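Q: Can you look at this prediction? I've put the sequence above it.
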Amino acid sequence: MGKTTARLAELGRERLKELGLAYVKGPGLRDEMCTTCACRPGSVPNGCLQTQMDFLKAAAEGERFLCHSLLDGKLCAGWVRVRAELAVNPL
């Protein structure tokens, strides 16, 4: 599942880039994926089945998934990328 999440995040990043939205910043958005992002290949959350299930469910349903690294209430950058891809290609 982690490979799928990482792939969706990369596709979403490319999609946002094509639309000129890859570098949009806002107070509730994380600029980049943190080192422990669920979408980052090789990170512990990327290999954790429960985290992957929670993440994909939130992304598919459009529910907020907050960055767990800093616990500052900002949206996970990986989630934003995955949402961009799922908006065009739903699961």
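A: Happy to help now that I have it. Residues are numbered from 1 along each chain as shown.
Q: count of residues packed around N46?
A: N46 has 22 neighbours, counted by other C-beta atoms under 10 Å. From N, CA and C alone the C-beta is placed, and that goes for glycine too.
Q: Do you know the pLDDT at the closest residue to it other than its chain neighbours?
A: Leaving out its chain neighbours, the residue that sits closest to N46 by C-beta to C-beta, 6 or more residues apart in numbering is G2, at 3.9 Å. For G2, the model assigns a pLDDT of 95.
Q: Tell me, how many residues neighbour G2?
A: Neighbourhood size, G2 [other C-beta under 10 Å]: 21.
Q: my guess is it contacts Q50, does it?
A: No - using C-beta atoms under 8 Å, G2 is not in contact with Q50, being 11.8 Å away.
Q: which helices and strands does the longest helix seen in the chain pack with?
A: Looking across the chain with DSSP state H, the single longest helix is helix 2-18. Here helix 2-18 touches helix 49-61, helix 77-88, going by 3 or more C-beta pairs under 8 Å, 6 or more residues apart in numbering; DSSP states H and E.
Q: Please name whichever of these is nearest to Y23.
A: helix 77-88 (11.4 Å; C-beta to C-beta).
Q: How about residues contacting that closest one?
A: Helix 77-88 is contacted from outside by 5, 8-13, 15-16, 21, 29-34, 37-40, 55, 58-60, 62, 64-65, 67, using C-beta atoms under 8 Å, 6 or more residues apart in numbering.
Q: Can you flag the buried ones in those?
A: 5, 8-13, 15-16, 30, 33-34, 37-40, 55, 58-59, 65, 67 (16 or more other C-beta atoms under 10 Å).
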